[in-house]
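Participant: Below: sequence and its predicted model.
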Amino acid sequence: MDWRALDDRILVKPGAEAGLMTRDPVSADLFPDKKAAEKRCAECAEAINVLQDRLWAERSRALLVVLQGIDTSGKDGAVRGVFNACGPLGVSVTSFGRPSEEDLAHDYLWRVHQAVPKRGMIGVFNRSHYEDVLVVKVRKLAPAEAIEARYEQINAFEKHLAENGVAILKFMLHISKDEQRQRLQERLEDPAKHWKFNPGDLEDRALWDEYQAAYDRMLTRCSTAHAPWRVVPADKKWRRNAIIGAIVHGTLEAMDPQYPKPDWDPKSFAIE
Ligand code: AMP
Ligand code: MG
């Protein structure tokens, strides 16, 4: 499938209801075949690396990739699957956990703005400022009116970034409740995955419906022309990676970063 047709299927149209409940976390028709999806993802990863080199050489724009999703939705796996061909020089990954005392002494976008990639870089957010309208809303960590005001504040923040050379791709990794149960079970059963298990994940799972509602609201309120949301069917890890890879690749290709023309003539130099 052409990446724009794929994109059209998963995009949350700005101004429209996201309708998260009606979106299928499997969507088998998007990449029906596992082997073909893995091949496409590997090709995209290679192409992303080449385009990142051009982005760095051009040094005038950045790409910010935001990954959001509940526990076990595959945010880490998506980073590994899509950016594994990129050298460590060109891609920065920032994971946003519970805010520190220092973070909390500032406004909630303070730590986020500092992590925005500089010109020439791809920056990946593993969780993001959206936690401030998700976990903070569901667990009532801030007053309701303060949270309500954040959707528009976030839209304004992202507009500011977009108008200053930062292209923004936002992916919500959408898994089913049953898939989450299986993935949490694996974390309990496999000693190599015990470290990923956190009893707090079960408290969040008990709030499944509240989280889905908060995600739906966030998608509807913050899918904008300058930074639209995509809902990625993520029950299959290989399909999730193929979809994100194809869209990151397509977006970079459309940005078409250029190597700068030297202001000297290569033929005028001779190396002894
Ligand atoms: P993990 O991604 O498994 O390492 O967990 C990070 C934890 O930090 C998750 O439980 C998030 O909900 C939590 N977290 C991230 N950002 C915030 C925030 N702004 N306020 C409160 N908790 C947060
Ligand atoms: Mg966790």
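Facilitator: Perfect, thanks for sending it. Ligands and ions are numbered 1, 2, ... in the order given.

Participant: how many neighbours does Ala28 have?
Facilitator: 12 (other CB atoms under 10 Å). (C-beta placed from N, C-alpha, C; glycine too.)

Participant: Between its first and last residues, how far does stretch 257-272 reach?
Facilitator: Its start and end residues considered, stretch 257-272 measures 33 Å (CA to CA, to the nearest Å).

Participant: sorry, that was for stretch 260-272
Facilitator: One end of stretch 260-272 sits 26 Å from the other (CA to CA).

Participant: pLDDT of it, averaged?
Facilitator: What stretch 260-272 shows for mean pLDDT is 92.

Participant: Please compute how far it lies from its chain's middle.
Facilitator: Computed by CA atoms, centre = their mean, to the nearest Å, the chain-centroid distance of stretch 260-272 equals 40 Å.

Participant: got it, and stretch 185-204?
Facilitator: Taking CA atoms, centre = their mean, the mean C-alpha location of stretch 185-204 is offset from the chain mean by 23 Å.

Participant: and what of stretch 142-157?
Facilitator: The chain centre lies 20 Å from the centre of stretch 142-157; the measure is CA atoms, centre = their mean.

Participant: That stretch close to ligand 1?
Facilitator: No: Stretch 142-157 stays clear of ligand 1 (CB under 6 Å from any ligand atom), getting no nearer than 8.7 Å.

Participant: which parts of that stretch are buried?
Facilitator: Judged by neighbour count using 16 or more other CB atoms under 10 Å, the buried positions of stretch 142-157 are 147, 150-151, 153-155, 157.

Participant: Check stretch 8-28 too.
Facilitator: Neighbour counts over stretch 8-28 (16+ other CB under 10 Å) mark 10-12, 18, 20, 23, 25, 27 as buried.

Participant: Give me every residue in the stretch 1-150 of the chain lying close to ligand 1.
Facilitator: By CB under 6 Å from any ligand atom, the residues of the stretch 1-150 of the chain that approach ligand 1 are 96-99, 127, 131-132, 135-136, 141.

Participant: What number of residues are in the vicinity of the closest residue to ligand 1 within the stretch 101-250 of the chain?
Facilitator: Relative to ligand 1, the nearest point of the stretch 101-250 of the chain is Glu131 (3.3 Å; CB to the nearest ligand atom). Using other CB under 10 Å, Glu131 has 18 neighbouring residues.

Participant: Could you do Arg221 as well?
Facilitator: Applying other CB under 10 Å, we find 17 residues neighbouring Arg221.

Participant: Kindly report the same for Ile271.
Facilitator: 3.

Participant: just Ser268 next, same as before
Facilitator: Burial of Ser268 is recorded as 6 neighbouring residues (other CB under 10 Å).

Participant: Going toward the C-terminus from the helix or strand hosting Tyr211, what's the next helix or strand?
Facilitator: Using DSSP states H and E, Tyr211 sits within helix 208-222. Under the assignment DSSP H and E, the closest C-terminal helix or strand after helix 208-222 is strand 229-233.

Participant: Taking helix 208-222 as reference, get the angle to that next one.
Facilitator: Angle between the axes of strand 229-233 and helix 208-222 is 140 degrees (criterion: axes from the mean of the first three to the mean of the last three CA atoms, to 10 degrees).

Participant: which residues touch strand 229-233?
Facilitator: Strand 229-233 is touched from outside by 7, 10-12, 18, 20, 23-27, 30, 169-174, 218-219, 222-223, 239-240, 243-244, 247, with contacts defined as CB atoms under 8 Å, 6 or more residues apart in numbering.

Participant: Correct me if wrong, but Ala28 is in a strand.
Facilitator: No: with DSSP: H, G, I helix; E, B strand; the rest coil as the criterion, Ala28 is coil rather than part of a strand.

Participant: contacting residues for it?
Facilitator: Taking CB under 8 Å, 6+ apart as the test, what Ala28 contacts is Arg239.

Participant: So what does it look like in phi/psi?
Facilitator: The phi and psi values for Ala28, taken as degrees, to the nearest 10, are phi -60, psi -30.

Participant: what separates it from Trp238, distance-wise?
Facilitator: As for Ala28, its distance to Trp238 is 12 Å (criterion: CB to CB, to the nearest Å).

Participant: Would you map the helices across the stretch 1-150 of the chain?
Facilitator: 3-10, 34-58, 75-82, 101-104, 110-115, 135-138, 144-162 (DSSP state H, counting those that start in this stretch).
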